[in-house]
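1. I need the structure of the sequence given here:
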Amino acid sequence: MNCYNTHLNNFRTQILDEKLLVQGLIENSEAAFCRLYRDYSKPLLTIIKKIVKNIEEAEDVLQETFIQVFQKSGTYDQTKSRFFTWLAKIAINKSLDHIKCYRVRNQKHIISIASLPEDIFCKLQTSSVNIDTIGIKQLNAILSCSQRQVIDLLYYGGFTQAEAAEILHLPLGTIKSKVRLAICTFRKQF
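-> Predicted coordinates:
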């Protein structure tokens, strides 16, 4: 019975602390916001990283989460959920929104590239570097069309190997092999 009473008292103290914290957030207390960040940033970042995967992006999402918590602290209802559950729900929603926005941005980019005719990649030239004057055009001519597509996307288009794999609808390993073969071909010419 003594252990039960201790647990119950700890629970009541925690609820009281949460009420005070929420009240401080509603009143725009800097101390409350500092305490919120100190007590909840690590567990929320852990949740966000499981969804977002990239640490820099996860930290951005964490910042957006705290901004929303600060702005909407008056909407928290302790009868519906615990404070951490409410925070975690906001963090999860912000993470999912971030992922959706990232996919939409990339999808628009991929669709615009994918809508181009296939032979455009064989004729692709860069406007920022005159490849005729430095001899790369002649080197590119010795590559197969598929190798040229990959090299053009990676080195002139600025895409990553994973992005090039998506654009060309090829496995990542195939992209890496084509790059390796192209580099070996270039080396033989030198």
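2. Give me the phi and psi for K53.
-> phi 80, psi -40 (degrees, to the nearest 10).
3. what do you get for G158?
-> Dihedral angles for G158 - degrees, to the nearest 10 - are phi 80, psi 20.
4. Can you give me the neighbour number for it?
-> Residues near G158, counting by other CB atoms under 10 Å, number 8. For every residue, glycine as well, the C-beta is placed using N, CA and C.
5. Also D60?
-> Neighbours of D60 using other CB under 10 Å come to 15.
6. quick one: it from L36, how far?
-> Remark: distance between D60 and L36 (CB to CB, to the nearest Å) = 18 Å.
7. how about the helices in the protein?
-> 2-26, 30-52, 55-72, 83-114, 136-141, 145-151, 161-168, 172-189 (DSSP state H).
8. State the pLDDT value of the residue nearest to G74 when sequence neighbours are not counted.
-> Of all residues not flanking G74 in the chain, I26 sits nearest, at 5.1 Å (CB to CB, 6 or more residues apart in numbering). If you check I26, the pLDDT there is 82.
9. was I right about I26 contacting S73?
-> Yes - judged on CB atoms under 8 Å, I26 makes contact with S73 at a distance of 5.3 Å.
10. Show me which of these two is the more surrounded one.
-> Neighbours of I26 and S73, each counted by other CB under 10 Å, are more numerous for S73; the result is 21 against 14.
11. ok, that one touching L25?
-> Yes - taking CB under 8 Å as the definition, S73 is a contact partner of L25 at 3.7 Å.
12. Pick the most deeply packed of the helices of the chain.
-> Stretch with highest mean neighbour count among these: helix 145-151 (a mean of 20; mean count of other CB atoms under 10 Å).
13. so how far is that one from its chain's centroid?
-> Once both centres are worked out by CA atoms, centre = their mean, to the nearest Å, helix 145-151 turns out to sit 28 Å from its chain's centre.
14. Nice, that's everything, thank you.
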